[in-house]
Structure formats: C-alpha cells, structure tokens
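K.L.:
need a structure here:
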Amino acid sequence: MKQQTLAMAADQGEGFERYRKATRRDEFLATMEQIVPWQELCAVVEPYYPKAGNGRPPVPLPSMLRMYFVQHWFNLADQACEEALLDSTSLRRFVGIDLGRERVPDGTTLLKFRHLLEEKKLGAALFSKVGELLQAKGMKVGTGTIVDATIISAPSSTKNEDKARDPEMHQTQKGNQWYFGMKLHIGVDSQTGLAHSAVVTAANVHDKHPMPDLLHGGEDKVWGDSAYVSQQALIAKKAPRAQDCTNQRVRPSSPTADLERIVNRIKSKVRPKVEHVFAVIKKLWGFAKVRYRGLEKNANRAFVALGLANIYLARKRLVA
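P.N.:
Numbers count the residues shown, from 1 in each chain. The predicted structure follows:
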C-alpha cells in the first residue's frame, strides 16, 4: 500500500468535496475494477513487458493495462487518453496515478505499449484468456453458435500524406450503399450471448468465407442471417452434427413465401444476441470507425474490444 499524498486525498474528495456524488462513469469504473481479472490479464502481457534495469524504469504494468482499457472504453486517441487522465480524478484513481508522486503516462508511452501488443499479437491472447476465465466461472460455450459480421468504416479520403486510401481496406456494397473499411466476423454462443471466436477481414470479403473459423466444431445448431444461406457444406465440414438454422432468402412470388417468412422470424428470435456484442463495441465504445491504418492494428483493437465486451455483457453474473 502506498502512503497517500495530499493530491490523492484531494482526488478522492476526502474532506474537500462534501457534496460530490458518484457519476455513471464512477459506477462503471467501480464495476470494472471489481470484475476484470486484472492479475490474469497482466500475466498474458508480463513476459513481453520491459523489465526494470538500466535506464528509466517502466510504468507498472497494471497501471499501463488499465490506461489501455480506458482508451478502449472511452474511444480515446493516445494523446487524448493522457489528457483525460490529467483532467479526471475518477480515471486517475482507477488507473492508480497519484499526481503527488508520479506523472500520468504520456501519449507516447501508451503508443509504445499499444505497439507492443500489436507486435506480439496479444490482443487475440487477451481475448482468448478472457474466454477461458469466463468458462471457468460457469459461462461455458454451448452447442449453438450465431455467426454474423459488421462493417467497421475507414476513411475513404485521399487527402493524406500518401495521397491514397489504406491499401488493406476495401469497399463493399450493402443494399444501395457503398462502404469502405474492414469487417469484423464473430461467432457468439447462443446461450450466454458471449463471443467465442472472431476474424477480421477487408470489407469486400463475403460473410460466408470466414464461417468455418467462427465455429468451434461441437455445435448442434448454427444461426445466421441470409448472407450465410446455402452453406451446409461449409457448416458440415467444421461441425458435422450441426443443423443449419440460417435464414433463407424469400422470393415474393413463391407460393410458400408467407411460410418462409414465419420460419425466418422464428429463427431470428435467437440471432439478436450477436447484435448485443456489436452494440457494445460500436455504439457504447465507439469502435464504428477504424483509428489506425492497416488490418493488423485494427484487428488487435477488435480482439481486445471483444474481450472487454464479453466481460461487460457478463457483468451481472460476475458480480453475483
């Protein structure tokens, strides 16, 4: 335990802010403090993290990981995350920064930490570790998987230093609208509603192609929208026992069109669980647009965001 300085006491409002009440941000951070498996996630990064020795000592790994998660939760750039910690006492308290004895890690330090995770592909490792820990707590992967994909937009402008769009991003048409960016494909357990697998591709890759990588092989049923229609062979190759419950395309002129719509509606009662994951990542945490150039960097962010989304969606069960 550190001895508390006057700056930290002021941050915590001890005797200084008599009428302060907890905000939604305070409540969110308190919940994450309680349910995120900090020790186990730090253990994933620790073998690759710089050790104290010659030169400037590194920022403690727990503080660095907390700052990195804050960046995801509040959709902050590296420099903006540093400034948010300088401005917010609740964020400093969560990260464990006492301005009376230490500086807030600057944007460059966060940038180097992010590059370390990208270089060692630790985003996928963190996502996998979260899945293992949730299963150990009773949220096991069941025998049903819902597959879906969402487009993460990228800037299509060429007004940049290279005078070109990101070569790893591509465009695709959805309805009458064209989109440029990448796709996040996920497999979600039909019972828990938690993502157990993910693949990141350019936006022009059809939803059906990464489908085998989204199945764990023990499924009895596979759900998906009409983009996955007529993929029985792909499903049978990875999950031989699985029943194809994907929505079928309905031809208005077909004599069985009304019956097919009813069957699709019944199947669609299971599918909204996959949208809950996308809603957390894109709407709540702002990952509707890429922040970096290239698929690898954005894939690392996507895997970390999925792991954190699983924890958030399971928060009530974890607290209980």
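
K.L.:
from here on, contacts and neighbour counts on C-alpha atoms
P.N.:
OK.

K.L.:
for the stretch 101-250 of the chain, what spans make up the helices?
P.N.:
107-119, 122-136, 232-238 (DSSP state H, counting those that start in this stretch).

K.L.:
point out the most buried one among these.
P.N.:
Neighbour counts (mean count of other C-alpha atoms under 10 Å) averaged over each of these peak at helix 122-136, with a mean of 19.

K.L.:
who does that helix touch, helix- and strand-wise?
P.N.:
helix 38-45, helix 295-313 (3 or more C-alpha pairs under 8 Å, 6 or more residues apart in numbering; DSSP states H and E).

K.L.:
tell me which of those helices lies nearest to residue 244.
P.N.:
Among the helices and strands packed on helix 122-136, helix 295-313 comes nearest to residue 244, with 25.4 Å by C-alpha to C-alpha.

K.L.:
can you list the buried residues in the closest one?
P.N.:
295-313 (16 or more other C-alpha atoms under 10 Å).

K.L.:
one more: stretch 49-60?
P.N.:
Within stretch 49-60, the residues that count as buried by 16+ other C-alpha under 10 Å are 49, 59.

K.L.:
what does stretch 266-279 give?
P.N.:
Neighbour counts over stretch 266-279 (16+ other C-alpha under 10 Å) mark 267-268, 270-271, 273-274, 276-278 as buried.

K.L.:
let's have the residues you listed in TSV, adding secondary structure and pLDDT.
P.N.:
Formatted as TSV, the buried residues of stretch 266-279 follow (DSSP: H, G, I helix; E, B strand; the rest coil; pLDDT from 0 to 100):
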residue	secondary structure	pLDDT
267	helix	87
268	helix	87
270	coil	91
271	coil	90
273	helix	93
274	helix	95
276	helix	96
277	helix	97
278	helix	97
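
K.L.:
in its sheet, what does the longest strand anywhere in the chain sit against?
P.N.:
The single longest strand within the chain, with elements called by DSSP state E, is strand 177-189. Strand 177-189 sits in its sheet next to strand 144-153 (antiparallel), strand 170-174 (antiparallel), strand 195-202 (antiparallel), going by DSSP bridges.

K.L.:
tell me the span between the first and last residue of stretch 186-200.
P.N.:
9 Å (C-alpha to C-alpha, to the nearest Å).

K.L.:
roughly how far out does it sit from the chain middle?
P.N.:
Chain-centre distance of stretch 186-200: 11 Å, with C-alpha atoms, centre = their mean, to the nearest Å.

K.L.:
do stretch 98-105 as well
P.N.:
Taking C-alpha atoms, centre = their mean, one finds the center of stretch 98-105 at 29 Å from the center of the full chain.

K.L.:
let me see the mean pLDDT of that stretch.
P.N.:
Across stretch 98-105, pLDDT averages out at 90.

K.L.:
got the CA positions of it in CSV?
P.N.:
Extracted in CSV, the C-alpha atoms of stretch 98-105 (Å, rounded to 0.1, in the frame of the first residue of the first chain):
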residue,chain,number,x,y,z
ASP,A,98,-1.1,9.8,-7.7
LEU,A,99,-0.1,13.2,-9.1
GLY,A,100,1.6,13.9,-5.8
ARG,A,101,4.4,11.4,-6.6
GLU,A,102,4.2,10.4,-10.2
ARG,A,103,3.3,11.7,-13.7
VAL,A,104,0.5,10.4,-15.9
PRO,A,105,2.0,8.2,-18.6
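
K.L.:
mind checking pLDDT for the nearest residue to residue 311 once chain neighbours are set aside?
P.N.:
Excluding its sequence neighbours, the residue lying closest to residue 311 (C-alpha to C-alpha, 6 or more residues apart in numbering) is residue 36, at 6.9 Å. At residue 36 the predicted local distance difference test score is 97.

K.L.:
now do residue 313
P.N.:
97.

K.L.:
for it, list the residues it contacts.
P.N.:
Applying C-alpha atoms under 8 Å, 6 or more residues apart in numbering to residue 313 gives the contacts 194, 277.

K.L.:
and it, how far is that from residue 122?
P.N.:
From residue 313 across to residue 122, the span is 22 Å (C-alpha to C-alpha).

K.L.:
which parts of this structure belong to which domain?
P.N.:
Using automatic domain parsing, the domains assigned to the chain come out as 6-119, 141-291.

K.L.:
what separates the shortest one from the chain centre, distance-wise?
P.N.:
Centroid separation for domain 6-119 versus its chain: 18 Å, with C-alpha atoms, centre = their mean.

K.L.:
same question for stretch 208-221.
P.N.:
Relative to the mean C-alpha coordinate of its chain, stretch 208-221 is positioned 20 Å out (C-alpha atoms, centre = their mean).
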